[in-house]
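Engineer: here is my input; please provide its structure:
(chains A and B)
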Amino acid sequence: MPTENPFQDPLRFERQAPECAAVIFGANGDLTKRKLLPALYRLAYDRRLTAGFAVVGISRTPMTDDQFRQKMLEAVKEFSEDTNFDENVWRAFATGLFYVAGDIADPALYQRLAAKLNEIESSRHTGGNVLFYLSTQPSQYAPIAQSLGAAGLAKGNGWRRLIVEKPFGHDLASARELSDRLHEHFDESSVYRIDHYLGKETVQNILAFRFGNGIFEPLWNRRYINHIQITGAESIGVEDRGAYYEEAGALDDMIQNHLLQVMATIAMEPSASFRATSVRDERSKLLRSIRPMKPDEIRVNTVAGQYGAGNVGGKQLSGYRQEAKVAPDSQTDTYAAVTFFVENWRWAGVPFYIRTGKRLPKRVTEIAIQFNPAPLTIFDEDDGDRAPNLLVVRIQPDEGISLKFLSKRPGSGMNLRPVSMDFNYGSSFGERSPSAYETLLLDAIIGDATLYTRQDMVEASWAVVEPIQNEWRSTKLDFPNYPAGSWGPAAADEMLARRGHTWRRP
Amino acid sequence: MGTVAPEKILRELADLWLSVGKRGQNDDASGVLRACTMTLVVLTEAGDESGTLGETIAALMPEHPARTIIIRLTGAGERTLAERVYQQCWMPFGQRRQICCEQIEITASDDAVADLPPVVLPLVVADLPVIVWCRSPRFVDHLEVAHKVIVDSAAFPLNRLAGTRDYILGDLAWTRLTRWRQMLAQIFENRENLAALDRVATVTIQHPGGSPTSSAFYLGAWVKDCLPQVEVKFVPGTWTGKAEAPLVIGIVLEGEGISVELARWEDRMVTTINGLAQCVNLPLVTEYNLMREELAIVRHDPVFEKTLASALRLAYPKDK
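Structural biologist: Numbers count the residues shown, from 1 in each chain, chains lettered A, B, ... in the order given. The predicted model follows:
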């Protein structure tokens, strides 16, 4: 009996998902409507899903299958970006949408789900493969996993995988506890911790850029790189997420997961292969090489901020403490800047400056790698601008890579000026880039965990973030300390100035 | 007698960039970005529909930015060559910077074909692949500079592709089968169907017209390579669709306890597995779709190369 499909042709065929059913807990939530269903519809549109692919939505709201389909149709029409709506594709896709209503704490829900999955397995030939997506409150992850296990749904004829969204715990101990509880029914290889930053095309392109080219890697070390700045800036405030943000803060919400993962990608050692285990091993090693800071180091190498009222383009913006569901004396950080050091031979002594914040002047995520100046200055100081060589990897928006170098200004004399050589990802390749959720959902269905976060990576991140978190919590911070629409607190500029550096203004 | 000097063309290209750059500055835009991943040489006949070709190339450029050299043969007459240089620019959605690609069009009389290689050679972009797209079968034997040559054997007998060559070959008659092949492969991703694959004994390929098309030979050869036990049959099929008949109308795999049929109907593909039919959307492929796929593969394609050899054996069993 053949065990491999002899018709596959990976050079020509697009990656396709094997047959399966996806069960979404929290199917009535924002993430399902805005991201998950539009991503799944797009995968169907691109013929990446099998004809029998099915989605089972679960939430408390009573709804029939048809009502769920209608709701998801509206979501797909409203939130699909760069995708034409095709009535025929939708009709075929919608026949695979089902809904089961119930309270996730009620064991009977899981019995109904089991019956529905059995029915789908025989009618749509899904081979018993099931992907569970927990798009719920984090506090419900462990109870859902345990209920799935108790109902016998963590095992079946095919594979069973579990996707969980961040946050993965709120400190090291809770992250470990969460993993332990998930592992009672799903082993680590079946747990997919999603970090949508890693699904972004440009973050993946970092690996192609570093390890697909021979010219950059020799420069990628302390001898040539002066420092690295990673910025994850948002121009919006906390919007209607005040309650969530009060618990999280910028450090936990962005640095502990997304930006440390980006840092790991930019600084990791080359992996032996592009297999999930090898790549994740290297990311994990890098995260474990980041030096956890002592309280006195935290005071000089970190800055917490919170936005106050500000005026942007004539529009008056309220401060964080005036936002809905935020305490009037809140000590939550809406801005965080940290100087990390990596303790290995490649990076010893090179500062990694990471900053993130709400209500900054623009929405931008980028990595700026500043190189050391030329060892000998043969041109006079007044021969022009002396800007350092800079390699900027823009993750969003306008994804791409720029290299800044000096060039002679045309004309007599030796006047230098910086010029920028740009590679624009979206326009150099006019092809539409898949959304992060399309990439990550397809990966999970195929069983490729390369872009998912592993337990040891989560723990390594918490190990460096938790001491900062503890120090900040034990200090009365003088908030607000930056106006909405500015680039953050003055203390963040001073943090870099102590090493003779300045933040880029992206 | 008209002549063409490659250096003059290169100067004109440089001037073009200068003028576009200046215009960009005047418009207070963020300048112009030159994008190039290959040289695409298109060999075509004077009678070839220039509007359609232009549209196809324009559509390909955002994804495969290239210096395009269109060589158009004007037919018999005085030995003459002429050129024009222009640019194709586009503004990516939501961005301020224009992206431009260079295009060079050279027209040549039949007698001037021999003069073309020394003109084209200096115009190819250094260090990037040169892809030659032969839109006319009579060019197939004039292709020395190419890393890859793309032909369409729907227009000529398959045995013209026999023999060895220094470049990579692509054939649009094969590319047209990708969606068919992918759908067939997808059916056998199902474990039950995969388990029955050993029992497939005959494969019947339906083609338009009285004799099999090159695409039909390719499909038969590919299935035979994947399932050596099968007997491949070619039968004329009936096409009642409004659009022009595709080069393969259907394929049926049969054996004990398994029957799989894929049949095209207008812009749909009907898949029938053991009597259960399903219809999926499968728009007819355009020249743009085919070229888009081929330009993305600038390396040897072992599956195609093996299938070509098998297809030649299937189509010409008496030839060595």
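Engineer: what about the chain, any weak spots by pLDDT?
Structural biologist: No chain in the question, so chain A it is. A:381-386, A:425-432 (pLDDT under 70).
Engineer: I was after chain B.
Structural biologist: B:1-4, B:20-34, B:48-51, B:78-81, B:86-100, B:137-144, B:281, B:319-320.
Engineer: for it, what lies in contact range of chain A?
Structural biologist: B:33, B:35, B:61-63, B:65, B:90, B:92, B:95, B:97, B:99, B:178, B:181-182, B:184-186, B:188-192, B:194-195, B:197-198, B:226-227, B:271, B:278, B:280-281, B:293, B:297, B:301-303 (CB under 8 Å from any CB of the partner chain). Where C-beta positions appear, they are placed from N, C-alpha and C, glycine not excepted.
Engineer: elements contacting the strand or helix carrying A:Thr339?
Structural biologist: If you go by DSSP states H and E, A:Thr339 is part of strand A:335-341. With contacts taken as 3 or more CB pairs under 8 Å, 6 or more residues apart in numbering or on different chains; DSSP states H and E, strand A:335-341 sits against helix A:242-250, helix A:295-301, strand A:302-305, strand A:351-357, helix A:490-497.
Engineer: single out the most deeply packed of the ones you listed.
Structural biologist: strand A:302-305 (a mean of 26; mean count of other CB atoms under 10 Å in any protein chain shown).
Engineer: contacts for that strand next, please.
Structural biologist: By CB atoms under 8 Å, 6 or more residues apart in numbering or on different chains, the residues outside strand A:302-305 that reach it are A:250-251, A:293, A:333-339, A:357, A:468, A:471-472, A:477, A:479-482, A:488-489, A:491-492, A:495.
Engineer: how far does it sit from the chain's center?
Structural biologist: 22 Å (CA atoms, centre = their mean, to the nearest Å).
Engineer: and the helix or strand just after that strand, how far from the chain's centre?
Structural biologist: Proceeding C-terminally, strand A:302-305 gives way to strand A:307-308 as the next helix or strand, assigned by DSSP H and E. Taking CA atoms, centre = their mean, one finds strand A:307-308 lying 25 Å from the centre of the chain it belongs to.
Engineer: and the following helix or strand past strand A:307-308, what's buried?
Structural biologist: Sequence-wise, the next helix or strand downstream of strand A:307-308 (DSSP H and E) is strand A:310-312. For strand A:310-312, burial by neighbour count (16 or more other CB atoms under 10 Å in any protein chain shown) applies to A:Gly310.
Engineer: quick one: buried residues of stretch A:26-40?
Structural biologist: Buried residues in stretch A:26-40 (16+ other CB under 10 Å): A:26-29, A:31-33, A:35-40.
Engineer: straight-line length of that stretch, end to end?
Structural biologist: Distance between the two ends of stretch A:26-40: 16 Å, counting by CA to CA, to the nearest Å.
Engineer: just stretch A:57-75 next, same as before
Structural biologist: 14 Å.
Engineer: for stretch A:233-243, same thing?
Structural biologist: 20 Å.
Engineer: so which bits of chain A are right by chain B?
Structural biologist: So far as CB under 8 Å from any CB goes, chain A lies against chain B at A:1-3, A:5-9, A:11-14, A:16, A:18-19, A:47, A:50-51, A:86, A:88-89, A:92, A:125, A:127, A:398, A:422, A:424, A:426-431.
Engineer: what's the angle from the strand holding A:Thr339 to helix A:490-497?
Structural biologist: 20 degrees (axes from the mean of the first three to the mean of the last three CA atoms, to 10 degrees).
Engineer: residues touching strand A:335-341, excluding its own?
Structural biologist: By CB under 8 Å, 6+ apart, strand A:335-341 touches A:249-251, A:254-255, A:263, A:290-291, A:301-307, A:347-358, A:360, A:464, A:468, A:482, A:488-489, A:492, A:495-496, A:499.
Engineer: hmm, 7 Å instead?
Structural biologist: A:250-251, A:255, A:290-291, A:301-307, A:351-357, A:464, A:468, A:482, A:488-489, A:492, A:495 (CB atoms under 7 Å, 6 or more residues apart in numbering or on different chains).
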